[in-house]
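Q: requesting a structural model of the entry that follows:
(one chain, ligands or ions: 1)
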Amino acid sequence: MPPDNILFSKDPAADLQLFLNRKGYSSIAILVDNNTSKHCYPLLKRDDKSNVIIVPSGEEAKNIETCVTVWEELTKRMLDRHACVVVIGGGVLGDMGGFCASTYKRGIDFILIPTTLLAQSDASIGGKLGIDFKNFKNHIGVFQEPSLTLLYSGFLKSLPKAELTSGFAEVIKHTLIGDRAMWSTISKRTLEQQDWETLIKHSVEFKSRITHEDPKEKGLRKILNAGHTIGHALESHLLSKGNRVLHGEAVAIGLITEGFIAKAKGLLTKSDFDSLRNYIVSIFGKISVSKDDIENVCELVLQDKKNKDNRILCVLLNGIGDAKWDYEISVDEVRTALEYYQSC
Ligand code: NAD
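A: You can find the predicted model right below:
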């Protein structure tokens, strides 16, 4: 069962208002980006445009400069410690808006209303908040739970297909590390055939259970980083050279390359690895990765937040439906796996 602060809603406008009435906040600010202001805020049928703060969309805006504008707006609007920030957006806004609220006046309440598949199935659960710093993703941040996460799959209707596909990578990840039967179900379906409501519930329940058991990522929670050692490094590198890559696309490559390493170590059978690779490529296609990219990724992997004593500690699948964390891998294994991806 998901915790009390998570609500699956059929009527987000009514459920939000009910929650706000119950809490009796001194005032609220509503944080949106330039897309969610158009596509999602109207679905909440509110009559409080003057409370709305609009920030630019995208990972490029997930930085301290945008936080400064948010803190300025909260200050200008005289929000006190009994106020609440309602964040309506994808993972970028959820991470950053939650971070702004959790640090403003040493922390005020915030509500997450995630509007992308990635945010609904992953980013809005588990209390990790933060921003990017220089080339490092999510380098500055805190752990803090929202007062409420309001989930409504209807927001996905306006989401561009590329963003839906990107979010699917985290859903795939949850099945690969935790539920072989669900993997069998989704891997027989195309993107269009997926049942998002069921999959969001599945992901939320799975991630809530893991993060409840290990909120500060001392052990078990690390499995949620499957695909992210190589995926994050690749994403940071491609973004720093100006290439457009979505988080989920990078995670998808991470799942294939880290799967390749798991197979080489005898943790994943060839047939399981083949089915993982074939399905992920069928959904995400292939991204071109050059020899230079591979060398840069190998350097960045050495900076991964999960490393210890200069050892690269990765999550590897232990068969489909199970995973091991803190598994040491070498830079050479990362290079070989990326060369394999280039040629597969
Ligand atoms: P995003 O927040 O950038 O949203 C993607 C795009 O879709 C944006 O342009 C946004 O404006 C637009 N958009 C959002 N909802 C829309 C809707 N309903 N209709 C139309 N357009 C809409 O990207 P994302 O993929 O949601 O999130 C990625 C971020 O999530 C990354 O920064 C990543 O680090 C973070 N993340 C955090 C966690 C965590 O545990 N906190 C987990 C995974 C990922």
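Q: for residue 315, helix, strand, or coil?
A: strand (DSSP: H, G, I helix; E, B strand; the rest coil).
Q: neighbours around it, how many?
A: Residues lying near residue 315 (other CB atoms under 10 Å) number 24. C-beta: built from backbone N, CA, C; applies to glycine.
Q: for the stretch 101-250 of the chain, which residues are neighbours of the ligand?
A: Taking CB under 6 Å from any ligand atom as the contact definition, the stretch 101-250 of the chain meets the ligand at 115-116, 118-119, 122-123, 126, 128, 137-138, 155, 158-159, 163, 166-167, 247.
Q: of these, select the buried ones using a PyMOL command.
A: Buried residues among those (16 or more other CB atoms under 10 Å), as a PyMOL selection:
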select buried, resi 115+116+118+119+122+123+126+128+137+138+155+159+163+166+167+247
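Q: taking the residues of the stretch 101-250 of the chain next to the ligand one by one, which sit in strands?
A: Here DSSP state E is the test, and these give 128, 137-138 as lying in strands.
Q: what about stretch 235-249, distance to the chain center?
A: Here stretch 235-249 is found 15 Å from its chain centre; the criterion is CA atoms, centre = their mean, to the nearest Å.
Q: now stretch 52-65
A: 16 Å.
Q: where does pLDDT dip in this protein?
A: Within the chain, the stretches with pLDDT under 70 are 1-2.
Q: any idea how far the residue positioned nearest the centre of it lies from residue 9?
A: Residue closest to the average C-alpha location in the chain (CA atoms, centre = their mean): residue 123, at 3.9 Å. Distance, residue 123 to residue 9, by CB to CB, to the nearest Å: 18 Å.
Q: what's the closest non-adjacent residue to residue 221?
A: Excluding the flanking residues, the one nearest residue 221 by CB to CB, 6 or more residues apart in numbering is residue 214, at 4.0 Å.
Q: burial count for that neighbour?
A: For residue 214, the neighbour count with other CB under 10 Å is 16.
Q: repeat that for residue 82.
A: 12.
Q: helix/strand/coil for it?
A: coil.
Q: which residues touch it?
A: Counting by CB atoms under 8 Å, 6 or more residues apart in numbering, residue 82 touches 25-26, 108.
Q: can you pick the most crowded of these?
A: Most surrounded of the contacts of residue 82: other CB under 10 Å gives residue 108, at 22 neighbours.
Q: list the contacts of that residue.
A: So residue 108 contacts 79, 81-85, 101-102 (CB under 8 Å, 6+ apart).
Q: which of the residues you listed are buried?
A: Counted by 16+ other CB under 10 Å, the contacts of residue 108 give 79, 83-85, 101-102 as buried.
Q: what's the closest of the residues you listed to the ligand?
A: Ranked by distance to the ligand (CB to the nearest ligand atom), those are led by residue 102 at 12.3 Å.
Q: doesn't residue 129 make contact with the closest one?
A: Yes. Shown here, residue 102 and residue 129 form a contact pair, counting by CB atoms under 8 Å, at 5.9 Å.
Q: identify the contacts common to the two.
A: 142, 144.
Q: CA atoms only for stretch 295-306, dumped as CSV, please.
A: The C-alpha trace of stretch 295-306 is given here as CSV (Å, rounded to 0.1, in the frame of the first residue of the first chain):
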residue,chain,number,x,y,z
GLU,A,295,36.0,7.9,-23.3
ASN,A,296,34.1,10.9,-21.8
VAL,A,297,31.5,8.7,-20.3
CYS,A,298,34.2,6.4,-18.8
GLU,A,299,35.7,9.5,-17.1
LEU,A,300,32.4,10.7,-15.8
VAL,A,301,31.4,7.2,-14.4
LEU,A,302,34.4,7.6,-12.1
GLN,A,303,32.6,10.7,-10.5
ASP,A,304,29.3,8.8,-9.9
LYS,A,305,27.7,9.6,-6.5
LYS,A,306,27.4,5.9,-5.6
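Q: show me the strands in the stretch 201-344 of the chain, by range?
A: Applying DSSP state E, counting those that start in this stretch to the stretch 201-344 of the chain gives strands spanning 312-317, 323-329.
Q: wouldn't residue 210 be in contact with residue 225 here?
A: No. Here residue 210 lies out of contact with residue 225, judged by CB under 8 Å, at a distance of 11.1 Å.
Q: look at these two and report which has more neighbours.
A: Neighbours around residue 210 and residue 225, counted as other CB under 10 Å, are more numerous at residue 225. The numbers are 24 against 21.
Q: now do the contacts for that one.
A: 306, 315, 325 are the contacts of residue 225 under CB under 8 Å, 6+ apart.
Q: list the residues that contact the nearest residue to the first one once chain neighbours are set aside.
A: Among residues not flanking residue 306 along the chain, residue 313 sits closest, at 5.1 Å (CB to CB, 6+ apart). For residue 313, the contact set (CB under 8 Å, 6+ apart) comprises 304, 306-307, 325-328.
Q: beta-bridge partners for residue 313, please?
A: Counting by DSSP bridges, residue 313 forms beta bridges with residue 328.
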